[in-house]
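# below: sequence and its predicted model.
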Amino acid sequence: MQILQYLINGISIGAVYAIIALGYTMVYGIAKMLNFAHGDIIMVGAYISFCVTNYLGLPAFVSVIAAMAVCTLLGILIEKLAYMPLRGTPSLAVLITAIGVSYFLQNGAQLIWGSAPKNFASIVPLKPVFLAGGELVITGEVIVTILASVLIMVGLTLFTTKTKIGKAMRAVSEDRAAAQLMGISVNNTISMTFAIGSALAAIAGVLLCSTVPTLQPTTGAMPGIRAFTAAVFGGIGSIPGAMLGGILLGIIETFSKAFISTQFSDAIVFSVLIIILLVKPAGLLGKQIQEKV
Amino acid sequence: MKKFTALMLAMLMVMSLLAGCGSSKPAADASTIKIGMSGPLTGGAAVYGKAVEAGMKIAVEEINAKGGLKIEFQSQDDEHDGEKALNAYNNLKDWGMQFFAGAVTTAPCLSIAPTAVEDNIFMMTPSGSSDKIPMTGNNIFQMCFTDPNQGASAAELVAELNMAQNIGIIFDNSDDYSKGLMNGFKTKAAELGLNIVCETNFTADNKTDLSTQVTQCKDAGCDFVFLPFYATEASQVLTQAAKIGYEPTFFGCDGMDGVLTIEGFDKSLAEGLVLMTPFNPDAPETQDFVSKYQAMMNGETPNQFAADGYDVIYAIYDACVAAGVDGTTAPSDACEMLKTYFATNEFSGLTGSGMTWDEQGMISKIPAAVVIENGKYVALG
């Protein structure tokens, strides 16, 4: 029974990692860059949702839509201002810019909303489900987060395989120059990717803060790094991989906290990651791509 | 020739500096003692520094309105930075400070303390709670509990009021404050025969999700959980516990003061929460101070930091009056006189009554705890 409860806790936080990881993997898979500011877009999304519900008094679903809209715009803006001018430069330059954007967002949030943490009231109205005479609790947030992550994963998979824009994205991902020659606008496609990734970040932010209520300018940083790890773990660029990686990471983290040591949980999580990558360098579901010489 | 002129100019400047030293200190006025303070008045920890400063200013105004021995007070900003704190302390010394009523936060206290010992200037920190601060020298005093002592008094209170059968502890293993409290609590709990059944922790890097720790306490059957950390993490624990329908007695320390003022926090979750705080803004005897503070700080309710600051000024003032220290007493002599005074006398203020200090400058006072009822602090016991 105890194990089941920890398993549920693990899946709960893992599903949040999964949604964040989906955003990472989308952007990496198509734009071939690590957007380290992704975690901070999550934080912005959560703040927007917080403001809409607390200051404007609007219902929760409106706040989620507002958060998605703001984050989508923010994502496109960041891409246009910070990353587009660097297209074609070494990937290290883009990486460092992404870290800069991350700091910019954190400090900007501190300026706007202050450094004092806020308490994010859960937007999930579902009551927890008590099983086995109250020994096993499944909170409404767990149910909603898992459903949301599955829906997003399926939606993204269908989107990239069935729609025209999705196909364009995959084409850009496979060979940017060839896609351009085929008449695909690389810039628009990448902007679209950032828009989708950032909208996902907004959802992730709202669900993350519904699960763990503390909201402050650094809220997105740690979960962002973990979700990045999850994306690599599952095979970066792979949509089901991000989902699997996120959930597994959440479960491993919770189990090592519960049964081994709360202190070493990070060390254990990352050791598992290293071992997996030694055995399967492309991650669990990643495609092994032969570099042509 | 040019070199010679430069040399002459440099010498002139040095001489004028020396001359400046001699004349910048005006003749001390016997009727006024000088108390200096440093704290974070800007930056991330500004909320603490500003509260202490306001509390001290209220005390100074009250004393100066009374007549008799007066206080001249100066505060300096240290931005919660050790190096800046030392500069602030030196500025205050140049100003002619006789007593140092600071610093507010632990790191600046630790950076100033060795110099204060060397200078033999009486130092009393309102809120630096590490036990390393008074251990630096016997002229360094504290107005708040040291962390281990606060933890120990928490355990005594729990035993005295018979609050717990099975105790759980969650602490922040990356924070000295939290570890100090936890160690003090555990040692005392063992002495008193309290039953600790679950001990778990988190670190600054993995505190995003505290659900595992809460579940561990629930599974161990804890009816009492000790939370020696700050309000932010506490609000997470309370929310998580409410989600899984876990309702033990939660018990916090002074760092939890402020849990009711977190923006967006559902206050009903804190109902029944017990916390050790030396200062209760809802108690009748503190109302005069609360209204003065609110008038000064745009209606903000004072926290324990403000009350600690207020008490430090009164403690120094009372000691000066009783020991016959005035504005002409040299800081080092004044320090010896105050040390002698505090060795045998007690002090009562906003943060407790019958406070005494040991020869190390550590305080001993009756711990006060409050329980949150209907969103307000109610004295426990």
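Yes, it's here.
# for stretch B:321-329, measure first residue to last.
Terminal residues of stretch B:321-329 are spaced 12 Å apart (Cα to Cα, to the nearest Å).
# what residues are up against the closest residue to residue A:58 other than its chain neighbours?
Nearest non-adjacent residue to residue A:58, counting by Cβ to Cβ, 6 or more residues apart in numbering or on different chains: residue A:52, 5.2 Å away. Using the backbone N, CA and C atoms, a C-beta is placed for each residue, glycine as well. Applying Cβ atoms under 8 Å, 6 or more residues apart in numbering or on different chains to residue A:52 gives the contacts A:58, A:62, A:63, A:66, A:67.
# try 10 Å this time
By Cβ atoms under 10 Å, 6 or more residues apart in numbering or on different chains, the contact set of residue A:52 is A:58, A:59, A:60, A:62, A:63, A:64, A:65, A:66, A:67, A:70.
# residue B:172 too?
Residues in contact with residue B:172 (Cβ under 10 Å, 6+ apart) are B:178-179, B:181-182, B:201-204, B:207, B:227-230, B:233, B:255.
# identify the bridge partners of it.
Counting by DSSP bridges, residue B:172 forms beta bridges with residue B:202.
# now do the strands in chain A.
In chain A, the strands defined using DSSP state E lie at A:118-119, A:129-131, A:136-138, A:214-215.
# reformat those as a markdown table; add distance to residue B:88, mean neighbour count and mean pLDDT.
Converted to a markdown table, these look like this (distance: least, Cβ to Cβ, whole Å; neighbours: other Cβ atoms under 10 Å in any protein chain shown; pLDDT from 0 to 100):
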| stretch | distance to residue B:88 | mean neighbour count | mean pLDDT |
| --- | --- | --- | --- |
| strand A:118-119 | 32 | 24 | 85 |
| strand A:129-131 | 56 | 13 | 80 |
| strand A:136-138 | 51 | 19 | 83 |
| strand A:214-215 | 32 | 24 | 86 |
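# by proximity to chain B, which residue of chain A wins?
residue A:119 (3.7 Å; Cβ to the nearest Cβ).
# that residue touches residue B:266, doesn't it?
Yes - between residue A:119 and residue B:266 there is a contact under Cβ atoms under 10 Å: 7.3 Å.
# now do the shared contacts for these two.
A:213, B:235, B:238, B:239.
# just name the shakiest helix or strand of chain B by mean pLDDT.
helix B:2-24 (a mean of 56; mean pLDDT, DSSP states H and E).
# next structured bit after that one?
strand B:32-39 (DSSP states H and E).
# hmm, that following strand in reach of chain A?
No - figure legend: strand B:32-39 not in contact with chain A (Cβ under 10 Å from any Cβ of the partner chain); closest approach 17.1 Å.
# mind listing the strands that strand pairs with, and their directions?
Strand B:32-39 is paired, per DSSP bridges, with strand B:70-77 (parallel), strand B:99-100 (parallel).
# interface residues of the stretch 251-381 of chain B facing chain A?
Counting by Cβ under 10 Å from any Cβ, the residues of the stretch 251-381 of chain B close to chain A are B:258, B:259, B:261, B:262, B:263, B:264, B:265, B:266, B:267, B:269.
# check the stretch 51-200 of chain B too.
B:170, B:173, B:174, B:199, B:200.
# quick one on the thing from earlier: separation between the residue of chain A closest to chain B and residue A:46?
12 Å (Cβ to Cβ, to the nearest Å).
# which neighbours do these two share?
Common neighbours of residue A:119 and residue A:46 (Cβ under 10 Å, 6+ apart) are A:209, A:215.
# follow-up on the earlier one: buried subset of the residues of the stretch 51-200 of chain B next to chain A, written for ChimeraX?
Selection of the buried residues among those in ChimeraX, burial being defined by 16 or more other Cβ atoms under 10 Å in any protein chain shown:
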select /B:170,173,199,200
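# among the residues of the stretch 51-200 of chain B next to chain A, find the lowest-pLDDT one for me.
Lowest pLDDT of those: residue B:174, 81.
# that residue falls within a strand, correct?
No - Residue B:174 is assigned coil when assessed by DSSP: H, G, I helix; E, B strand; the rest coil, not a strand.
# check whether it really touches residue A:266, as I assumed.
No - counting by Cβ under 10 Å, residue B:174 does not reach residue A:266; the two are 11.4 Å apart.
# find residues that contact each of these two.
Contacts common to residue B:174 and residue A:266, judged by Cβ under 10 Å, 6+ apart, are B:203, B:205, B:206.
# residue B:67: how many residues sit nearby?
The number of residues packed near residue B:67 is 8, by other Cβ atoms under 10 Å in any protein chain shown.
# what sits against the residue of chain A closest to chain B?
Contacts of residue A:119 by Cβ under 10 Å, 6+ apart are A:50, A:54, A:209, A:213-215, B:231-232, B:235-236, B:238-239, B:259, B:262-267, B:269.
# what does residue B:123 give?
Residue B:123 sits in contact with B:36, B:89, B:99-103, B:109, B:112-113, B:115-117, B:133-134, B:136-137, B:139-142, B:335, B:361, where contact means Cβ under 10 Å, 6+ apart.
# partners of the strand or helix carrying it in the sheet?
Using DSSP H and E, residue B:123 sits within strand B:122-125. Next to strand B:122-125 in the sheet, as set by DSSP bridges, lie strand B:99-100 (parallel), strand B:140-142 (parallel).
# tell me the first helix or strand C-terminal of it.
helix B:132-135.
# what packs against the lowest-mean-pLDDT helix or strand in chain A?
Within chain A, confidence by mean pLDDT, DSSP H and E is lowest for strand A:129-131 among all helices and strands, at a mean of 80. The contact analysis (3 or more Cβ pairs under 10 Å, 6 or more residues apart in numbering or on different chains; DSSP states H and E) places strand A:129-131 against helix A:2-31, strand A:136-138, helix A:140-162.
# contacting residues around that strand?
Taking Cβ under 10 Å, 6+ apart as the rule, strand A:129-131 contacts A:1, A:4-5, A:8, A:136-140, A:142-143, B:244-245.
# who does it pair up with?
Strand A:129-131 pairs in its sheet with strand A:136-138 (antiparallel), by DSSP bridges.
# can you pull out the helices in chain B?
Using DSSP state H, the helices of chain B run over B:2-24, B:46-66, B:82-95, B:106-119, B:132-135, B:147-160, B:176-192, B:211-219, B:231-243, B:287-296, B:304-323, B:331-344.
# make TSV out of those helices and add mean neighbour count and distance to residue B:126.
Converted to TSV, the helices of chain B look like this (neighbours: other Cβ atoms under 10 Å in any protein chain shown; distance: least, Cβ to Cβ, whole Å):
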stretch	mean neighbour count	distance to residue B:126
helix B:2-24	9	28
helix B:46-66	21	5
helix B:82-95	18	14
helix B:106-119	20	10
helix B:132-135	20	11
helix B:147-160	22	15
helix B:176-192	20	16
helix B:211-219	24	32
helix B:231-243	23	19
helix B:287-296	16	14
helix B:304-323	25	4
helix B:331-344	18	15
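# looking at those, which is nearest to residue A:189?
helix B:211-219 (39.3 Å; Cβ to Cβ).
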